[in-house]
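Q: mind looking at a prediction? Sequence and model below.
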Amino acid sequence: MDGCAVLATLTVSPLLRLAVLRHAVPAGIPNRTGCDACGATVGLTRPWPALGPLGRCGRCQARVGPPPGSVEVAVIAAVALLVLVGPSGGVLPALAWWLAWTVPAVLVDLAVHRLPDRLTLPAAGGTWLLLGAATLTGAGAGPWLRAVAAGVGLALFFATSTLLLGRRGFGLGDAKLALSVGALLGWYGWSVLLLGLFLAFGLSALVSLGLLAARRVRWSTHLPFGPFLLLGTVGALLLIS
């Protein structure tokens, strides 16, 4: 697992860091293409140091993109999750695909409180397709149909809260992320979907209460829910593995 973690970190981290750098901008603002301080272009052709663990601009040394080491730690954690969950009815490719898109989406959510369509929709589409392919391994159509129903149902739940409650409800980005979250959890069963949601809402409540007690937020403060969906999903999969 150590070798896999190192290889994945070296190979995938620059791609994920670039995705976060590009999309971590407020809604309605064009995607970032370079350093905010000096305007130097940042891309895969200039991977160091701007897309390295320290995330520093090669020209002015200003920090660019997500916090130092955050992407690399997330990649190692994702590899560990894949190893711990292990092959289960051909679901591993779907889980790996989901993590590759959801990890940068969640880092963007933490930075600017939004989940970009360019990350959440490919996560959903690929997850559904790869879960469908998993039915060819002998799992049958039942789990896939349940996964689709769970993904659509969970997305509708989040979208309805947005329509009814406005800014007090969940965002449409959460609803689009729920398409893949619901599918992954629903594949394993309705009880696993409920477990994942329980963990996500429970973690959200605990963190909110902790921040309130520390006077870091107010009752009216809106916390991004994407990270809790990710953690709830991961926690549920680890508990059933």
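A: Thanks, I have the structure now.
Q: list the contacts of residue 16.
A: For residue 16, the contact set (Cβ atoms under 8 Å, 6 or more residues apart in numbering) comprises 71, 74, 75, 100, 103, 104, 107. All C-beta atoms are positioned from the backbone trio N, CA, C, and that covers glycine.
Q: and if you look at residue 135?
A: 141, 143, 144.
Q: and residue 34, backbone torsions?
A: phi -160, psi -170 (degrees, to the nearest 10).
Q: looks like it contacts residue 60 (just checking).
A: No. Look at residue 34 against residue 60 with Cβ atoms under 8 Å: they stay out of range, at 10.8 Å.
Q: who touches both of these two?
A: residue 40.
Q: outline the domain layout of this protein.
A: The chain breaks down into these domains under automatic domain parsing: 1-85, 88-241.
Q: rewinding a little: looking at residue 34 and residue 60, which is more packed in?
A: For residue 34 and residue 60, the more surrounded residue by other Cβ atoms under 10 Å is residue 34, and the numbers stand at 17 against 13.
Q: and residue 226, what does it touch?
A: With the criterion set at Cβ under 8 Å, 6+ apart, residue 226 makes contact with 105, 106, 109, 110, 115, 173, 174, 177.
Q: now for the residue most central in space within the chain: which residues touch it?
A: Centroid-nearest residue in the chain: residue 102, 2.4 Å away (criterion: Cα atoms, centre = their mean). Applying Cβ under 8 Å, 6+ apart to residue 102 gives the contacts 119, 120, 123, 177, 180, 230.
Q: mind checking the backbone torsions on the fourth one?
A: The phi/psi pair for residue 177 (degrees, to the nearest 10) reads phi -70, psi -30.
Q: could the contacts of residue 16 go into JSON lines alongside secondary structure?
A: Listed next are these as JSON lines, based on DSSP: H, G, I helix; E, B strand; the rest coil:
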{"residue": "71", "secondary structure": "helix"}
{"residue": "74", "secondary structure": "helix"}
{"residue": "75", "secondary structure": "helix"}
{"residue": "100", "secondary structure": "helix"}
{"residue": "103", "secondary structure": "helix"}
{"residue": "104", "secondary structure": "helix"}
{"residue": "107", "secondary structure": "helix"}
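Q: are any of the contacts of residue 135 buried, and which?
A: 143, 144 (16 or more other Cβ atoms under 10 Å).
Q: any chance of the contacts of residue 135 in TSV, plus pLDDT and distance to residue 54?
A: Conversion of the contacts of residue 135 to TSV gives the following (pLDDT from 0 to 100; distance: Cβ to Cβ, whole Å):
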residue	pLDDT	distance to residue 54
141	87	48
143	92	43
144	94	42
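Q: got a markdown table for the contacts of residue 135, with secondary structure too?
A: As requested, those are arranged in a markdown table below (three-state DSSP):
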| residue | secondary structure |
| --- | --- |
| 141 | helix |
| 143 | helix |
| 144 | helix |
